[in-house]
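1. The following block contains a protein sequence and its predicted model.
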Amino acid sequence: MKIAVLGGGNGSFAAAGDFALQGHDIRLWRRDAGLVATHQAAGSRIIVKDANGRHEVKLALVTTDIAEAAREAELILCPAPAFAQGDIAKTLAPHLRDGQVVFLPPATFGTMIFAMAARDAGNRARVSFAETGTLPWLARKHAPFEVAITIRARRLPVGVFPLETAGHALDVIGQAFPGVIEPCGDALSGALMNAGPIIHPPLIVMNAGPIEHFERWDIHKEGTQASIRRVTDALDAERIALREALGYGPPHFPLAHHYAREGEIWMYGRGSHDRLTDSGDWRERIVLTEHRYMREDLRLGLSLLVSVAELAGTATPLARAFLTIGGTICSDDFMTSGRTLASLGLGGLNLAELQTLLGRGYNV
């Protein structure tokens, strides 16, 4: 299968390396011409480290030309942070072709940003845009072209825009993630499966003291105490209540299952939290006001949650509280600078109109 991977971070290298390890034809696009040239000179190879050892794989292409990367790709995967989606979407938009699937794992409703970029570019190709609830790999780069994969996702709930193209989109994505993909409806349902805006805001805000005090801090280990877990579960209850108010059915993938050692299997499977902390890769230096847990998951993810909840008439007191505290820490108004239905150009729609758009898309 021909797959284009966009970006140069942990998720993009995990995707490119893991897909190549599976035998797929991988084209990696990133902006930095110097790093691309260095990667090409190193043979366009990635070293993947996992529980089975160390593997060296060769990519079909490493390029700064997004048109070249996307050409003939059946699947275009973009695991870049949500705050980078706008620029990437505009760069990609003119080059999309009929039948291609753009998959954002996860996206914070970024499917709409990519779809609107294609519309605004005048591209009428019939393209599917999809998003899921988490990055399919828990991974960290250990060197410029080396990535360590601690965990691969076991279950990925996927929402598709427009929903009427879901059959084709899920088939294509399923070829890259065999036995892992689970349909969860439209793109907004997929966005409301995003675990990042639930797990990370309590960790980044309630650990603010030790984060600023210690040179390195693992918020997933020492930073995950019983009091924080209770807050996380309560915040997740707001997400699930919103999903139910919008008519989305179970499974809702409650975050409590991520920590449980029995019961329903969560996205990363049982015992994933312990494996994450045992790896040591998440003991890191965190700049509180700059880290993506604050700038992406809290600012963008929770502002989206609150915005959609306003439309649905659902209460989100904890989400609002974290937006206020996080914004105060960063001297910012996160509801103004965040990602809301209004900032996405969808603020003028009522719920029925939004649901119609999610089902049929723009090219009608």
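-> Received, thanks. Numbers count the residues shown, from 1 in each chain.
2. contacting residues for A84?
-> By CB atoms under 8 Å, 6 or more residues apart in numbering, the residues touching A84 are G7. No exception for glycine: its C-beta is placed from N, CA and C like everyone else's.
3. Strands along the protein, start to end?
-> Secondary structure of the chain, counting by DSSP state E: strands at 2-6, 25-29, 45-50, 53-58, 61-63, 75-77, 101-104, 128-132, 137-143, 146-152, 156-161, 181-186.
4. right, so these: which one is the most enclosed?
-> Across these, averaging neighbours per residue (mean count of other CB atoms under 10 Å) puts strand 128-132 on top, at a mean of 29.
5. next one: that strand to chain centre, how far?
-> In terms of CA atoms, centre = their mean, to the nearest Å, the centre of strand 128-132 is set 10 Å apart from its chain centre.
6. Ok, stretch 178-194 next?
-> Relative to the mean C-alpha coordinate of its chain, stretch 178-194 is positioned 11 Å out (CA atoms, centre = their mean).
7. closest one to I286 among the strands of the chain?
-> When the strands of the chain are compared by CB to CB, strand 137-143 sits nearest I286, at 14.0 Å.
8. For that closest one, name the packing helices and strands.
-> helix 10-21, strand 146-152, helix 272-279 (3 or more CB pairs under 8 Å, 6 or more residues apart in numbering; DSSP states H and E).
9. ok, R320 - how many residues close by?
-> Counted with other CB atoms under 10 Å, the neighbours of R320 add up to 18.
10. Next one: it relative to A187, how far apart?
-> Separation of R320 from A187 (CB to CB, to the nearest Å) stands at 24 Å.
11. Ok, A319 next?
-> For A319, the distance to A187 equals 20 Å [CB to CB].
12. more crowded one of these two?
-> More neighbours surround A187 than the other of A319 and A187, with 29 against 24 (other CB under 10 Å).
13. Straight-line length of stretch 64-79, end to end?
-> By CA to CA, to the nearest Å, the extent of stretch 64-79 from end to end equals 17 Å.
14. now that stretch, how far from the chain's geometric center?
-> On CA atoms, centre = their mean, the centre of stretch 64-79 falls 18 Å from the chain's centre.
15. Flag every buried residue along that stretch.
-> With burial defined by 16 or more other CB atoms under 10 Å, the residues of stretch 64-79 counted as buried are I66, A69, A70, A73, E74, L75, I76, L77, C78, P79.
16. Test my guess that the last one contacts P105.
-> Yes: look at P79 against P105 with CB atoms under 8 Å: they come within range, at 5.5 Å.
17. and for these two, which residues touch both?
-> By the contact definition CB under 8 Å, 6+ apart, P79 and P105 are jointly contacted by G11, L135.
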